[in-house]
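Participant: after the sequence you'll find the predicted model.
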Amino acid sequence: MKKLILIAVFAIGATFLSETQAQSISENALGLRLGGGDGIGPEISYQRALGGNNRLELDLGWRTHDRYDAFKLSGLYQWVWNIDGGFNWYAGLGGGVGSVGVNDEWRDRYPNDGAFLFVAGDIGIEYNFDIPLLLSLDFRPEIGFNDYNITNDLSPDIALGIRYQF
């Protein structure tokens, strides 16, 4: 319950934040999001501007681990605010779906595998270079919903994003 309240407060706060100044977001950005923590692993990342200072981010992540193999597809709606020059900060909300396949030697500890759902928040900072390169560092907590221990809980993820803008 505390997790849902935290996500609701984050969503309401992000909604009511005002824009600091006008800026332009690249129409498209494609690259990698390289994370750690309890996330699934590296992700192919695509961002699409939706107008104003809003964008959609879609990520496809995968991981081969000694306990399990997994993939996930996430989608986040993000608000972007300019700090100064090419520096921006952003926050977003979203969710996704994934699948986990537990390796045979770990079946007694993690007996169930299969699909899972999750909700996610996102907050980060990025730098938009004069060349079509976008670097970002973000924090993305995810809460998974399933009946096994691999993805059902709070999974904090910190990642470095490297994207080509076009």
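Facilitator: Perfect, I can see it now.

Participant: from residue 130, how far off is the residue minimising distance to the centre of the chain?
Facilitator: For the chain, residue 140 is the residue whose C-alpha lies nearest the centre (Cα atoms, centre = their mean; 5.2 Å). As judged by Cβ to Cβ, to the nearest Å, residue 140 and residue 130 stand 27 Å apart. Yep, even glycine has a C-beta here, placed from its N, CA and C like the rest.

Participant: do the same with residue 72
Facilitator: Counting by Cβ to Cβ - residue 72 and residue 130 are separated by 34 Å.

Participant: the two: which has the busier surroundings?
Facilitator: Each of residue 72 and residue 130 has its neighbours counted (other Cβ atoms under 10 Å); residue 72 has more, 25 against 7.

Participant: checking that one next. Helix, strand or coil?
Facilitator: Of the three states, residue 72 takes strand according to DSSP: H, G, I helix; E, B strand; the rest coil.

Participant: over to residue 130?
Facilitator: For residue 130, the assignment made with three-state DSSP gives coil.
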